[in-house]
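Engineer: here you go, sequence then predicted model.
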Amino acid sequence: MLDKVKELIGEVNAFNTTSKEEIETFRIKYLGSKGILKDLFAEFKNVPNDQKKEFGQTINLLKNSAEEKVSTLKEAIENAVEEKGVYGDLTRPSEPINLGSRHPISLVKNQIIEVFNRIGFTVSEGPEIEDDWHNFTALNLPEYHPARDMQDTFFIEKNPDTLLRTHTSSVQVRYMENNEPPIRTISPGRVFRNEDISARAHCIFHQVEGLYIDTDVSFADLKQTLLYFTKEMFGKSKIRLRPSYFPFTEPSAEVDIYWGLETETDYRITKGTGWLEIMGCGMVDPNVLKNCNIDPTKYSGYAFGMGIERIAMLLYQIPDIRMFYENDKRFLEQFKSVI
Ligand code: PHE
């Protein structure tokens with residue numbers, strides 16, 4: 001009997017594994033509630049008295065050896081895991097940092113800003129919650145003017161003087177009120193219109209509007225600036241201006257760029273004409289200058305405004321404006337490589 005126990009001690013000491021499951025099987029076999037040691041302790045009463053002491057010591061030794069084995073093997077596994085982990089080897093290259101990507105709206109906005117920065121335009125910003133004066137009245141759109149309907153507005157119910165700006169022309173009004181000409185500024189920002197959401201329209205979108213005011217600014221300056229912009233931004237060098245109407249500019253025009261008709265996409269996005277409407281523009285109405293304390297007999301200026309979503313959709317061939325606001329990672333991750 002004693003020899004059997006000694007043999008078991010040898011077995012326990014020789015046991016080795018790196019598998020958690022095998023350690024557990026080992027533990028159950030020796031130390032479990034139906035394990036070998038349980039049986040041996042039960043056997044104790046049958047051992048002759050003169051052998052009891054040695055037998056007792058030996059099974060205790062077996063028990064301790066088995067317990068120690070289990071804990072050292074478990075520890076070894078844990079240490080091995082830790083060695084492989086971050087603390088094990090401080091010379092390991094670090095985990096790559098997940099940088100994310102810029103939103104296509106930001107990409108295009110920054111690109112537009114950069115193009116205008118190069119010809120001396122600074123960036124100006126203003127509040128998204130506006131008052132009637134900055135969004136409408138100062139821009140030659142007095143109360144009850146029918147052209148207010150051109151931009152369906154979100155009013156704050158309790159105070160109709162407060163609204164969500166429908167264009168960033170409001171920022172230009174603020175800029176004119178606070179700065180002396182010469183003024184060269186672009187105003188990027190989020191705007192709001194009470195429109196039904198569809199693939200081509202959204203109630204929230206982004207604009208960049210530009211304003212240039214100095215002595216002797218003419219329509220020719222405006223045309224040249226727009227041509228420069230379309231060349232830099234799209235690599236296209238043919239534009240046309242169609243007469244249009246905006247309350248704050250006179251004369252006013254819509255700018256089309258010649259996109260071409262080489263691919264099927266060109267046909268689709270230009271409806272087979274090759275021309276693509278890209279923005280509105282015009283000479284700042286003298287009334288607007290007057291409203292902003294700028295002397296229209298001394299100064300003149302031009303203004304233009306464009307939607308960022310529309311340009312981003314063109315440049316990246318995005319078919320649905322709603323994709324910009326859904327925050328779908330599969331969409332956003334596609335802009336990872338673009339800076
Ligand atoms: N504010 C106009 C709009 O949102 C765009 C525009 C700006 C037109 C400046 C002419 C001059 O539609």
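Structural biologist: Yep, it's here. Numbering: from 1, shown residues only.
Engineer: now the helices for the stretch 201-339 of the chain?
Structural biologist: Along the stretch 201-339 of the chain, the stretches classed as helices by DSSP state H, counting those that start in this stretch are 219-234, 264-269, 286-291, 308-316, 329-332.
Engineer: out of those helices, which is the most enclosed?
Structural biologist: The highest mean neighbour count among the helices of the stretch 201-339 of the chain, using mean count of other CB atoms under 10 Å, belongs to helix 308-316: a mean of 20. No exception for glycine: its C-beta is placed from N, CA and C like everyone else's.
Engineer: with only the CA atoms kept, save it in PDB.
Structural biologist: Only the C-alpha atoms of helix 308-316 are listed here, as PDB (Å, rounded to 0.1, in the frame of the first residue of the first chain):
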ATOM      1  CA  ILE A 308     -20.500  71.000 -50.200                       C
ATOM      2  CA  GLU A 309     -22.500  67.800 -50.400                       C
ATOM      3  CA  ARG A 310     -23.200  68.300 -54.100                       C
ATOM      4  CA  ILE A 311     -19.500  68.700 -54.800                       C
ATOM      5  CA  ALA A 312     -18.500  65.700 -52.700                       C
ATOM      6  CA  MET A 313     -21.100  63.600 -54.500                       C
ATOM      7  CA  LEU A 314     -19.600  64.600 -57.800                       C
ATOM      8  CA  LEU A 315     -16.000  64.000 -56.800                       C
ATOM      9  CA  TYR A 316     -16.500  60.700 -55.000                       C
END
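Engineer: so how far is that helix from its chain's centroid?
Structural biologist: Centroid separation for helix 308-316 versus its chain: 16 Å, with CA atoms, centre = their mean, to the nearest Å.
Engineer: excluding chain neighbours, what is closest to Tyr267?
Structural biologist: Leu261 (6.1 Å; CB to CB, 6 or more residues apart in numbering).
Engineer: pretty sure that neighbour is touching Lys271, no?
Structural biologist: No. No contact is recorded between Leu261 and Lys271 when judged using CB atoms under 8 Å, the distance being 10.7 Å.
Engineer: sorry, back to before: contacting residues for the residue nearest to Tyr267?
Structural biologist: Counting by CB atoms under 8 Å, 6 or more residues apart in numbering, Leu261 touches Tyr267, Thr270, Gly272, Gly274.
Engineer: and Glu11, how far from Tyr30?
Structural biologist: 9 Å (CB to CB, to the nearest Å).
Engineer: out of these two, which sits in the more crowded spot?
Structural biologist: Tyr30 (23 against 15; other CB atoms under 10 Å).
Engineer: so who does the more buried one touch?
Structural biologist: With contact set as CB under 8 Å, 6+ apart, Tyr30 has these partners: Leu8, Val12, Ile36, Leu37, Leu62, Lys63, Ala66.
Engineer: dump those residues into CSV; add secondary structure and pLDDT as well.
Structural biologist: Putting the contacts of Tyr30 into CSV (DSSP: H, G, I helix; E, B strand; the rest coil; pLDDT from 0 to 100) gives the following:
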residue, secondary structure, pLDDT
Leu8, helix, 88
Val12, helix, 90
Ile36, helix, 90
Leu37, helix, 87
Leu62, helix, 89
Lys63, helix, 92
Ala66, helix, 91
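Engineer: burial of the nearest residue to Ile197 once chain neighbours are set aside, as a residue count?
Structural biologist: Nearest-residue entry for Ile197: Cys203, 6.2 Å, with adjacent residues in sequence omitted and distances by CB to CB, 6+ apart. Around Cys203 sit 15 other residues, with neighbours defined as other CB under 10 Å.
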